[in-house]
Structures are given as structure tokens and as C-alpha cells.
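J.: with the input below, show me the fold.
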Amino acid sequence: MSEISKNGEKETKPQYQVSRRGFLKTGAAAAAMSVMGAIAAPSKVANAAIHDLSYTPAKGQWSKLRPVNHYGGATVHFVENNDQWLGTSKIVGPIKKSGEFNSGFGLATRGLLGDKARFGLLSQGERSPLTGGIMQALGMISGDETVMGTPRKDKLPIPDPEQMSQHIKDLAYYLRADDVGIGQMPSYGYYGTKCMPPITVIAAGILPPQTPIAEVPNTEPEYPYVITVAVEQHLETYLASTGYDGISVSQSMRCYHATANIAVIMARYIRNIGYNARAHHFGNYGLAVPPALIASGLGEHTRTGDCVAHPRMGFRNKCAAVTTDLPLVADKPIDFGMLDFCRVCMKCAVECPSKAISPDKEPVEMNGYLRWNSDYKKCAVFRCSNEEGVNCGRCMKVCPWNSKENSWFHEAGLWIGSKGETASTMLKAIDDMFGYGTEIVDKYKWWLEWPELHKINIPS
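T.: So this is what the prediction gives:
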């Protein structure tokens with residue numbers, strides 16, 4: 001396997017792997033089960049979804065379509081959101097509001113990371129034909145007139161806030177979300193500034209590449225609640241992918257489009273019953289998604305910096321949000337041991353093509369809170385300039401938390417990984433033995449690639 005040496009260089013060591021099928025045919029599986037002990041009865045471990053519509057929704061139920069939330073076997077604890085903590089993210093000072101203008105893609109779009117990064121980003125829809133189609137569809141629901149609007153003048157009668165929260169979750173599942181949460185929206189999570197026009201409409205080719213971008217104050221209302229929705233990226237596609245080949249950006253855009261549809265419909269629905277609601281999605285954000293996800297109980301920060309991992313999906317998903325003044329009851333942030341797992345795993349840092357992910361043992365302070373501080377410029381340059389594919393999702397591909405099939409054995413693995421650093425070390429060793437994340441499962445490759453399109457043309 002590969003490891004990071006003391007000087008930060010990647011060293012290659014022999015990698016010993018066992019096929020999953022071979023493992024389960026041998027006594028090794030039985031030995032592992034005896035070590036796991038309590039995991040022998042997986043039905044008692046997994047927090048599985050229960051699809052039973054025979055009851056009347058009552059206080060304390062997650063929703064009618066999903067009475068018990070599905071955490072995939074991970075042990076989940078509920079934690080607090082206050083002026084010192086947001087979930088498991090410790091707040092150590094004032095947090096300055098962010099914006100997209102100086103984000104990695106913002107810098108790339110403006111040409112501040114080099115011509116190759118700029119034109120690689122702006123041509124990703126041409127370099128990936130599937131992505132081009134998805135981005136065009138996403139652009140059509142990205143205008144302010146779509147994500148915002150005036151609510152109905154006369155408010156319709158609604159259930160009490162807890163019942164309404166259950167209803168909103170059911171609506172998200174009905175609209176094909178894979179998970180949903182409701183949070184108290186932190187004020188610092190709203191953007192302080194916005195890009196005008198949004199970066200996405202230029203990257204999608206809706207406006208020409210030479211369109212100037214201005215940074216303007218974000219004067220939108222800050223509503224008290226945020227509803228976040230997640231859609232899972234396709235597991236088998238990632239198993240057949242390198243993580244930075246041509247399908248990588250299409251994986252992201254498919255889920256961005258799906259969550260955008262959910263957010264836009266949900267926000268319009270809330271406005272139609274008389275309350276304010278603003279949809280936030282990849283084509284038009286007014287907030288930073290990670291603090292909204294954490295506040296909604298949909299995950300924890302990870303070593304990858306801005307990515308928030310879900311207990312069952314890891315961060316192999318994309319998300320959108322709706323902020324609103326609809327009376328709701330917020331869920332609590334969660335702790336399922338992701339920080340302990342990230343301390344011992346390091347696979348994303350080792351395998352990152354751009355070496356953008358921090359190999360530090362502990363999170364460090366950035367903008368008033370503790371996190372692993374990835375080099376977002378290095379990340380953006382590689383993703384925009386990648387000619388071995390289009391963009392990059394290598395960290396998603398290699399993360400053991402993201403690469404689990406839907407089986408009791410892998411739910412048991414998540415149960416182990418959520419039990420602290422010692423148990424996480426054991427899970428990491430098992431993942432390395434199986435080659436999770438670094439393997440290529442060719443039988444799942446269904447898509448077509450045209451590598452000749454991956455080359456970036458820089459106008460003279």
C-alpha cells in the first residue's frame with residue numbers, strides 16, 4: 001500500500017489484498033465474526049429503514065415514509081449546537097462568513113489559477129458529453145426567479161411544528177431524496193458575498209467565458225431553519241472508476257441536478273402555503289452547505305476539509321438546501337466517530353492526485369473553528385486541469401466509508417468504524433486487505449469515454 005512519509009512524500013509498499021469472495025469462502029470470515037462478537041446478528045446492528053405505512057404519524061417518529069432513520073449500522077449519538085460547538089466541530093473564535101468569489105472554482109473561473117485551470121473548468125461540459133447535458137438542465141433551474149419568490153399572501157393552515165417537520169421529510173423522500181434533515185441555520189453559514197453572475201452559469205456555458213464576475217454583498221434574508229437533502233452517487237460506477245476519469249464530474253452533476261430539483265420544488269411548495277423559502281443548490285447558492293448539513297444532523301466534517309460525511313453514505317453524495325421561516329423542529333447534529341476514523345485512516349491524503357489533503361494527525365484552526373485544512377487551490381487546479389478525465393472525485397473513490405455495498409457485512413464494518421480510534425484502525429486494516437477504494441471493478445463499467453475530448457484547448 002501507499003503511505004505518507006515524514007517528509008510528506010508518497011512511499012509505495014507491498015499491498016496484500018484478498019478478494020471479498022475469497023475471504024468469505026475461507027475461515028477468515030468466521031474468525032472475523034468471532035472477533036466482532038456483537039456483530040454476529042446484523043439485524044440487531046443496522047438501524048435499517050422500516051417501510052410501514054400502517055400507523056398514524058405521531059410525535060417522535062422521523063417521518064411516515066421512514067419512521068426510523070437509516071444510519072447503515074453506524075452508532076450515532078446526538079450532540080449539541082451552541083456557541084462553542086456545531087456537532088463535533090469545535091468553535092474557537094469568530095467565524096467570518098464566506099462566499100464563492102474566492103473559492104477554488106471562483107479563482108479558476110476568474111483566471112487566477114492559470115489559463116489551463118480556467119479553460120478546463122469552463123469547457124468541462126464539452127469535454128464530458130454527459131456532463132454537458134446535465135449542466136444545461138441544471139442551468140435551467142438556477143435563476144433567482146426559480147430559487148426565490150414571494151409566498152402566498154394568506155397562510156394556509158398547517159400542523160404543529162413537529163408534525164410539519166415529519167411532513168417535510170416525507171416530501172423529501174417522495175421527491176427521491178436519499179436522506180433529509182432539518183437544522184437551525186447558523187448565521188455564519190450564510191454567504192457574506194455572492195458572485196454576480198453565479199459561477200455555475202458561466203461554467204455551464206449559459207453565459208460566455210469572458211463574462212465578468214463581480215463580488216457583491218449578500219443581502220438575502222436569513223431564515224431560521226434549513227432543510228438539507230442528499231442524493232447518493234452511484235456506488236457501482238465509482239467501483240469501476242479511477243475517481244478522476246471522465247465519469248467523475250458526471251457523477252457529481254447527476255446528484256447536483258437531482259438535489260436541485262428537490263430543493264426548487266420544496267421551496268416553491270413552502271411558498272405556495274404562505275411561508276418564505278429559498279432553494280440553495282449547485283447552480284445558485286446563498287449559503288455554505290457543510291455547516292447546514294452538520295446543523296441538520298446529516299453528517300460530520302472529514303479529513304477532506306469541506307466534505308461532510310453521512311453515517312451510511314460517507315460523502316459519496318451531493319446535497320442541496322432550503323432555508324425557510326416555516327415553523328419546524330430542528331434535528332440535532334450527530335456524532336458517529338468520523339473524526340476518530342479520519343485520524344487513523346489517511347487514505348484520502350495518500351491517494352489524492354494533487355496532494356491537497358492534509359496528512360496532519362489533528363484538525364487545526366481555520367476561520368474560528370477546528371478542521372483539517374485542505375489546500376483548496378491545489379485541489380481546484382488539479383480538478384480543473386485534469387486531462388486524464390474531467391474533474392476529480394478520487395477522495396470519494398478511496399474513502400473506506402464511501403465504498404461499502406449494501407450488505408450486513410458492510411453495515412457491521414460501519415458499526416466497527418464508529419467505535420473510536422482503536423476500532424477504526426481495525427476497520428482500516430480490513431479495508432486495506434480488501435483493497436477498498438483503490439480497486440477497479442471492470443464488470444460495473446457501463447459508460448463511454450472519449451479521452452481525446454479530455455484535452456484542454458487554451459484559446460490563443
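J.: would you verify that residue 231 is located in a strand?
T.: Yes: under DSSP: H, G, I helix; E, B strand; the rest coil, residue 231 falls within a strand.
J.: between the two ends of stretch 397-411, how far is it?
T.: Using CA to CA, to the nearest Å, one end of stretch 397-411 lies 18 Å from the other.
J.: before we move on, what about stretch 81-93?
T.: Stretch 81-93 has its terminal residues 15 Å apart, counting by CA to CA.
J.: and if you look at stretch 85-104?
T.: From its first residue to its last, stretch 85-104 covers 27 Å (CA to CA).
J.: what's the mean pLDDT across that stretch?
T.: Confidence over stretch 85-104 (mean pLDDT, whole number) is 94.
J.: what residues of that stretch count as buried?
T.: Neighbour-count burial for stretch 85-104 flags 86-89, 91, 95, 98-101, 103-104 (criterion: 16 or more other CB atoms under 10 Å). Heads up, the C-betas are built off the backbone N, CA and C, glycines and all.
J.: most widely separated two among those residues?
T.: Spanning the widest gap among the buried residues of stretch 85-104 are 88 and 101, at 29.0 Å by CB to CB.
J.: switch the buried residues of stretch 85-104 over to JSON lines; also include secondary structure.
T.: JSON lines is the format used below for these (three-state DSSP):
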{"residue": "86", "secondary structure": "strand"}
{"residue": "87", "secondary structure": "coil"}
{"residue": "88", "secondary structure": "coil"}
{"residue": "89", "secondary structure": "strand"}
{"residue": "91", "secondary structure": "strand"}
{"residue": "95", "secondary structure": "coil"}
{"residue": "98", "secondary structure": "coil"}
{"residue": "99", "secondary structure": "coil"}
{"residue": "100", "secondary structure": "coil"}
{"residue": "101", "secondary structure": "coil"}
{"residue": "103", "secondary structure": "coil"}
{"residue": "104", "secondary structure": "helix"}
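J.: CSV please, covering those and showing distance to residue 62.
T.: Below are the buried residues of stretch 85-104 laid out as CSV (distance: CB to CB, whole Å):
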residue, distance to residue 62
86, 22
87, 18
88, 21
89, 24
91, 28
95, 30
98, 31
99, 34
100, 33
101, 38
103, 34
104, 35
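J.: of all the residues you listed, which comes closest to residue 367?
T.: residue 95 (5.7 Å).
J.: wait, what's in contact with the closest one?
T.: Residues in contact with residue 95 (CB atoms under 8 Å, 6 or more residues apart in numbering) are 188, 367-369.
J.: centre of the chain to stretch 201-214, how far?
T.: Offset of stretch 201-214 from its chain centre (CA atoms, centre = their mean, to the nearest Å): 25 Å.
J.: give the rounded mean pLDDT of it.
T.: pLDDT averaged over stretch 201-214 gives 81.
J.: could I get the buried residue list for it?
T.: For stretch 201-214, by 16+ other CB under 10 Å, it's 201-206, 213.
J.: which pair of those spans the longest distance?
T.: Among these, the pair separated by the greatest distance (CB to CB) is 205 and 213, at 15.0 Å.
J.: which parts of the stretch 151-300 of the chain are strands?
T.: 179-184, 193-196, 214-217, 225-232, 277-280, 300-301 (DSSP state E, counting those that start in this stretch).
J.: need the contact partners of the third one.
T.: It stands for strand 214-217. 99, 101, 192-196.
J.: what about 7 Å?
T.: Strand 214-217 is contacted by residues 99, 101, 193-196 when judged by CB atoms under 7 Å, 6 or more residues apart in numbering.
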